[in-house]
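Novice: No sequence on hand, only this structure:
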């Protein structure tokens, strides 16, 4: 290196006064023409900016490179927030440069601070001082014109080291190591040595750079890889008396270590944001900004960089251990005791062959906290208990349940997931889902996700497995498979069909249909050869619809080889909690339950865990374990977070010198550490970089899991509303470094394309750190972003997630937004109805009503009517009859016309009927019919039969020629009359013949409708069985079936076919009738018309008996039907079938007491 030193240091030199006249009123940015010949014509386009290029980091080899201003040879290169840079071709070297080009750097602030001008002058002076040094370019001139400071510098051809690193690693695998790539190893060593040599050249001249970064180093892309430093605005001079002092060089040495890290890892060493409060100081030498600590009198350069732990983690498997120790010593890591005093020492070590011996790479696990995800500690007995139950599942036993309880952090999920891995190896189908505290508004989402995962595994198991599964499902579900394909996306792929909307039926029928089909699906896929185990995590947050579906599946005795494992926090279950009701029900129904209670682990197992985490023998970790156990009490989550905290704070670290873990027990004991995991997590998260904190808070608002694509949308589109987010970058590029920090800290994991919290306590703590007055706005923004980016065809979980977020933002909505969100709640409620999730749908309708406020009937009449009607109907399905009565009364009072009151009347009448207030229900129905203008006349069966004969005489063509009823008032009357007929039949009143007679009259006069089918079927049944009019009954039945086919009245398909075929049993062969009744039963179960299906089942069993079927087969059928009747609370049908059940048992000799009904 050249060591020519000027006679005076720049500290002693005086800067020549600039004699150019200054115009203090000029407006900046300055006109580039001020620095060129006055006769040049400039067409300067300020919109063309190369933001990624630091000063002199671009190789411009021709007139086509850069942006031309004026004549050829003058180029605008870069504009930063602090300065502009231009390149001037100077082949005649009239500016005094040596490269044939000149760089001009101009301050672009209209009123630059004196400190800013001083920094630019400092760069000029330092570079003048370093003239004749190989490590820096030359400074040619400085000027001040029109109030703007500028300097001229030698143009340096080459790329920034940052660009070279990006190029080097872009063609290499992420697992690249020095020993696996000889050519790459040579390039790395050349760049590392040359960088060190150039810095030594600068230090040898008595200059400290103070701002070494990869984009402040220019590398000549030739075989020599020569290095020059730029950006000397922050540089300083060593005191002449103390040029060998390490104090002033310390920052450069630390920075050099992190430069080595970047070269080898390909990652930036700088934080995207910072743990400590920071301010920005301008470095005009690159148009960039340098981050500095606000603490006066102190500046720890390491605060700017990634943690030493991350450095070790990224480099450990890439380089020899001696090189690793050098880097850790440079960045002053506690992992090694060595410290470098000068760059010369670094260069000497780099020049030593032992530094890069090929056989001395670091073992990959050294220095890393390794948290075990596939090991159990202190849970062997619990594991054995669960496996004993699992092994019973292949013996065609009825469904069972295992409940794993314990406080948060005791390892419930880890235990069951460990079981799952064992079961999969044994050929058992294991699938799982996790309930989420913030996603309870998503009906059935956890169960849907679990079975979506199951069918995804099926799709990956080969065509034979797919075909077998498809055949089993078609046999069990028939056409009902379409209902499930709509809610379980990957089932569509297995079945090879597209999802379609199911037939629209009544709410209760839809719920029964889903239960039946889901249970049938379980029966089809859970077999002795491949039992099915379903794990549902965090049942304390389960939605009621999911609990009801699981309960019905467990209590169905037809389901074999099925095991449900659930985990829950017992301390969060109160007596009125929905899960408590669920648990009471399955206990009452004598479902086999195995209870596993988990507590904290003992000291011995804590020691085993600590030993595993730091890969150290248990005997050596006992002193550390004593402290850990005393601080955590053996709570597994607390233990893991505590160890992570010690590691992060440098109280538990790996010594590269002795190659083992070290800790200072006394320092750990004296350190104030929170006495519970919540406080520990709060402290941990609040010390993370601000942007990491913001990402965690954003994730916590969504739930325990968030797709990467969703997170991208939120970061890019959301209007950051939390205070800390306003001080951080919101660029998408910041997401993944921030998440990497969270992952390294053990707070977040990534699985596939989704991120999830390592524990729900982490999510809870992150959410609690959002100020309460900012949460609602953040939820509202999240919901709006998700909804805006949701595909038009997308339904289901994504929509429910968006609505959950929007509804949480109610307090910050204006009136227009409230109306818009209320309309969305109507859609969400109806979508939840399609999933038979009536509790969830009720919450959406109630939220919509709440958003509209007390004046909703005046301002939003139509929307209010819809919301109230739907709300009343689903609350009827939920059995909340008092709420139904309250809401229907409001509708009847507020509705502007009777047609608007019809739905409310029907719901109210059904509610009275469900409460066995049949007479009241009939009276309300008559009153409603009177309001409709229907004549209330006395009718008897004779009048009804006379009307029936009119229909019996009609030809098929005549009947089919009847128009469809298009009078809304008359259609409403038909619905009310049908309800009246049903209640009138039960209370044996004249309302029954009146209602049916009037329905037939309306059909003849105003046309046919779906209710006409039901009326004709009821008449066919009654006239045959009670009045013995077999011919009239048969003809009425035929007309009912014709009309059913014409109108596709699926809601009434089961009751019509059932009643008509029971009536036909008097006149047609029983063998044919039995088949038709079983078909009717299947229709009823698949459409959810359980009451009607049980009527078909009764008819099927009695007609089978009289047709002479095998009694052993019939006994099995009767037993199965009676179980279903009991499960679905069809008591009337159960009582009707019991005498036949006893008769068959007596005939086959299986009755213990032949004279007592059992």
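Specialist: Thanks, I have it. Keep in mind the model is a prediction, meaning the values are calculated, not measured.
Novice: ranges for the helices of the stretch 901-1050 of the chain?
Specialist: For the stretch 901-1050 of the chain, the helices defined by DSSP state H, counting those that start in this stretch cover 918-931, 941-952, 956-960, 968-987, 991-1006, 1010-1025, 1030-1047.
Novice: Including distance to residue 312, could the ones you listed go into a markdown table?
Specialist: Heads up, the C-betas are built off the backbone N, CA and C, glycines and all. A markdown table is the format used below for the helices of the stretch 901-1050 of the chain (distance: least, CB to CB, whole Å):
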| stretch | distance to residue 312 |
| --- | --- |
| helix 918-931 | 76 |
| helix 941-952 | 89 |
| helix 956-960 | 84 |
| helix 968-987 | 74 |
| helix 991-1006 | 83 |
| helix 1010-1025 | 73 |
| helix 1030-1047 | 74 |
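Novice: so which of those helices comes closest to residue 1100?
Specialist: Among the helices of the stretch 901-1050 of the chain, the nearest to residue 1100 by CB to CB is helix 1010-1025 (15.3 Å).
Novice: So which elements touch that closest one?
Specialist: helix 941-952, helix 968-987, helix 991-1006, helix 1030-1047, helix 1053-1064 (3 or more CB pairs under 8 Å, 6 or more residues apart in numbering; DSSP states H and E).
Novice: Next, the angle from the third one to helix 941-952.
Specialist: With axes from the mean of the first three to the mean of the last three CA atoms, to 10 degrees as the basis, helix 991-1006 and helix 941-952 are set at 30 degrees to each other.
Novice: Ok, the longest one next?
Specialist: Our comparison of helix 968-987 with helix 941-952, counting by the same axes, to 10 degrees, yields an angle of 130 degrees.
Novice: Mind giving me the packing neighbours of helix 968-987?
Specialist: Taking 3+ CB pairs under 8 Å, 6+ apart as the contact cut, helix 968-987 packs with helix 898-914, helix 918-931, helix 991-1006, helix 1010-1025.
Novice: Show me which residues of that helix are buried.
Specialist: By neighbour count with 16 or more other CB atoms under 10 Å, helix 968-987 contains the buried residues 970-985.
Novice: Distance from that helix to the middle of the chain?
Specialist: Distance, stretch centre to chain centre, for helix 968-987: 47 Å (CA atoms, centre = their mean, to the nearest Å).
Novice: can you check the third one too?
Specialist: Taking CA atoms, centre = their mean, one finds helix 991-1006 lying 55 Å from the centre of the chain it belongs to.
Novice: So residue 925 is in contact with residue 976, correct?
Specialist: Yes - shown here, residue 925 and residue 976 form a contact pair, counting by CB atoms under 8 Å, at 5.3 Å.
Novice: list residues touching both of the two?
Specialist: Here residue 925 and residue 976 have 905, 909 as joint contacts, going by CB atoms under 8 Å, 6 or more residues apart in numbering.
Novice: most packed of the helices of the stretch 901-1050 of the chain?
Specialist: Mean neighbour counts were taken over the helices of the stretch 901-1050 of the chain using mean count of other CB atoms under 10 Å, and the top value, a mean of 25, falls to helix 1010-1025.
Novice: which residues are contacting it?
Specialist: So helix 1010-1025 is contacted by 944-945, 948, 951, 965, 971, 974-975, 977-978, 981, 985, 996, 999-1000, 1003, 1029-1030, 1032-1034, 1036-1037, 1039-1040, 1043-1044, 1047, 1049, 1051-1052, 1055-1056, 1058-1060, 1062-1063, 1066 (CB under 8 Å, 6+ apart).
Novice: Next, find the distance separating residue 958 from residue 1012.
Specialist: 15 Å (CB to CB, to the nearest Å).
Novice: Now do the same for residue 1143: its pLDDT.
Specialist: On pLDDT, residue 1143 comes in at 93.
Novice: what's the closest non-adjacent residue to it?
Specialist: Sequence neighbours aside, residue 1105 is the residue nearest to residue 1143 in space, at 7.7 Å (criterion: CB to CB, 6 or more residues apart in numbering).
Novice: Just the element for that neighbour, please.
Specialist: Counting by DSSP states H and E, the element that carries residue 1105 is helix 1090-1107.
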